[in-house]
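**Student:** This is the structure alone, sequence omitted:
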């Protein structure tokens with residue numbers, strides 16, 4: 001395929017590349033605000049109130065001057081690069097030759113600038129900002145800065161493993177990430193099975209989408225390289241998480257044994273993350289019914305989208321409309337279409353809803369929408385990189401199905417497409 005990238009994708013790629021994947025990250029801004037507030041308040045409960053208030057302060061964070069006021073500066077978040085690599089891989093697999101150079105450049109930048117080696121030869125990524133967290137039960141406040149992140153490490157491993165199908169030279173990095181995750185320090189034992197931590201050295205933050213991502217990555221890597229040890233660790237980690245799926249298909253953000261556990265901490269996009277991980281696992285480990293659990297969660301997940309494809313933030317809260325929920329919805333239903341093709345229509349519906357309600361006239365996507373106000377921050381990582389990956393995943397499936405997207409949103413089968421034909425107006 002020699003024609004250029006679709007304009008919808010091209011504008012997102014240009015926004016990332018022109019900034020060298022650097023941006024004022026709203027998470028860093030929040031941490032700067034919280035750091036000052038905690039030093040002033042000096043107590044967990046007032047601090048957590050400030051944490052909630054800081055989310056609303058982000059409504060004003062679209063301008064660089066606001067970030068500078070709090071001492072925040074642009075950063076190259078490795079997650080932005082990972083998402084760009086996943087998008088470029090999908091586009092290259094779809095046949096867009098323009099994406100080949102982008103994929104190679106992003107993979108090189110990611111491995112050279114953001115992968116760190118431990119003393120045993122494994123590779124990991126660090127979180128680029130501080131994390132503050134506490135529970136509503138008075139668990140001591142913890143702060144991490146530049147700690148090894150199991151989530152980022154696993155996400156990077158997943159992206160590099162998939163990209164290695166196009167460029168085999170990058171498989172070695174995925175293997176080294178697997179070696180790092182194989183180390184017992186990356187996890188704790190729950191119910192006599194491993195559960196991956198969010199951060200190395202922090203045993204009290206046990207999050208399901210981190211655990212399932214690490215587990216599914218290890219299963220796929222083990223299948224690729226033939227490592228039974230990796231396979232067993234990944235399998236046991238996934239079994240730990242699926243044992244906590246409720247009867248209605250919901251899964252809380254964190255494990256029940258996590259001291260920060262809150263029963264109703266269930267939201268849209270984290271549910272989508274776990275479904276994708278279970279689908280990945282089902283492809284390489286059919287002996288365990290991961291697909292059955294994914295479908296069970298899917299029934300709950302679909303309750304958080306209306307008939308127009310517009311997501312709710314949680315099962316109990318319609319607002320805010322967060323661009324993350326749109327992006328992960330497109331990714332999740334695109335992935336489901338690999339097994340059940342009709343779900344591609346759902347991905348397209350969510351994609352259309354995002355373009356209609358969350359996209360600015362310049363082609364970039366906003367942060368959040370409330371009933372009376374729109375948070376117009378156009379963050380590279382949270383907004384543009386996630387939507388780039390989502391749309392690219394959808395385009396790949398459309399190409400595989402022989403569906404040619406038109407600029408006006410009309411879709412038709414490639415078998416009936418001839419260059420120069422007018423678009424069908426229905």
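**Tutor:** Yep, that arrived. Everything numeric in this text was worked out from a predicted model, so none of it was measured.
**Student:** Counting by contacts, list what whichever strand or helix holds residue 353 packs against.
**Tutor:** Using DSSP states H and E, residue 353 sits in helix 343-357. When contacts are defined as 3 or more Cβ pairs under 8 Å, 6 or more residues apart in numbering; DSSP states H and E, helix 343-357 packs onto helix 323-336, helix 386-400. In short, each C-beta sits where N, CA and C put it, glycine included.
**Student:** Could you identify the helix or strand that succeeds that helix?
**Tutor:** Remark: after helix 343-357, the chain's next helix or strand is strand 368-369, criterion DSSP H and E.
**Student:** any idea how far that next one is from the chain center?
**Tutor:** Its chain's C-alpha centre and that of strand 368-369 lie 18 Å apart, by Cα atoms, centre = their mean, to the nearest Å.
**Student:** which outside residues touch that strand?
**Tutor:** The set of residues external to strand 368-369 that reach it, using Cβ atoms under 8 Å, 6 or more residues apart in numbering, is 59, 319, 320, 321, 322, 323, 357, 358, 374, 375.
**Student:** and of those residues, the nearest to residue 99?
**Tutor:** Taking Cβ to Cβ as the measure, residue 99 lies nearest residue 323 of these, at 22.3 Å.
**Student:** Surely that closest one is in contact with residue 359?
**Tutor:** No: judged on Cβ atoms under 8 Å, residue 323 makes no contact with residue 359 at a distance of 9.3 Å.
**Student:** Are there residues contacting both of those two? Which ones?
**Tutor:** Shared contacts of residue 323 and residue 359, counting by Cβ under 8 Å, 6+ apart, come down to 365, 366.
**Student:** Of those two, which one has the most company?
**Tutor:** residue 323 (29 against 18; other Cβ atoms under 10 Å).
**Student:** Any figure for the gap between the more buried one and residue 149?
**Tutor:** Noted for residue 323: a distance of 22 Å to residue 149, by Cβ to Cβ, to the nearest Å.
**Student:** show me where the stretch 151-300 of the chain has helices.
**Tutor:** Per DSSP state H, counting those that start in this stretch, the stretch 151-300 of the chain carries helices over the ranges 171-182, 208-225, 228-242, 268-284, 290-301.
**Student:** what is the rounded mean pLDDT of the second one?
**Tutor:** Helix 208-225 comes out with an average pLDDT of 98.
**Student:** That helix to helix 171-182, inter-axis angle?
**Tutor:** Relative orientation of helix 208-225 with respect to helix 171-182: 130 degrees, computed using axes from the mean of the first three to the mean of the last three Cα atoms, to 10 degrees.
**Student:** Repeat that for the fourth one.
**Tutor:** Angle of helix 268-284 versus helix 171-182, following the same axes, to 10 degrees, is 110 degrees.
**Student:** Adding mean pLDDT, write the helices and strands packed on helix 343-357 out as TSV.
**Tutor:** TSV is the format used below for those (pLDDT from 0 to 100):
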stretch	mean pLDDT
helix 323-336	98
helix 386-400	96
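**Student:** I'd like the ones you listed laid out as JSON lines, including distance to residue 370.
**Tutor:** Output for these, formatted as JSON lines (distance: least, Cβ to Cβ, whole Å):
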{"stretch": "helix 323-336", "distance to residue 370": "13"}
{"stretch": "helix 386-400", "distance to residue 370": "19"}
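**Student:** Just name the most buried of the ones you listed.
**Tutor:** Counting by mean count of other Cβ atoms under 10 Å, helix 323-336 has the highest mean neighbour count of the helices and strands packed on helix 343-357, with a mean of 27.
**Student:** helices or strands up against that helix?
**Tutor:** Using 3+ Cβ pairs under 8 Å, 6+ apart, helix 323-336 sits against helix 268-284, helix 343-357, helix 386-400.
**Student:** Go ahead and name everything in contact with that helix.
**Tutor:** 268-269, 272-273, 275-276, 279, 298, 301, 304-305, 309, 311-313, 343-344, 346-347, 350-351, 353-354, 358, 365-368, 382-383, 386-387, 389-391, 393-394, 396-397.
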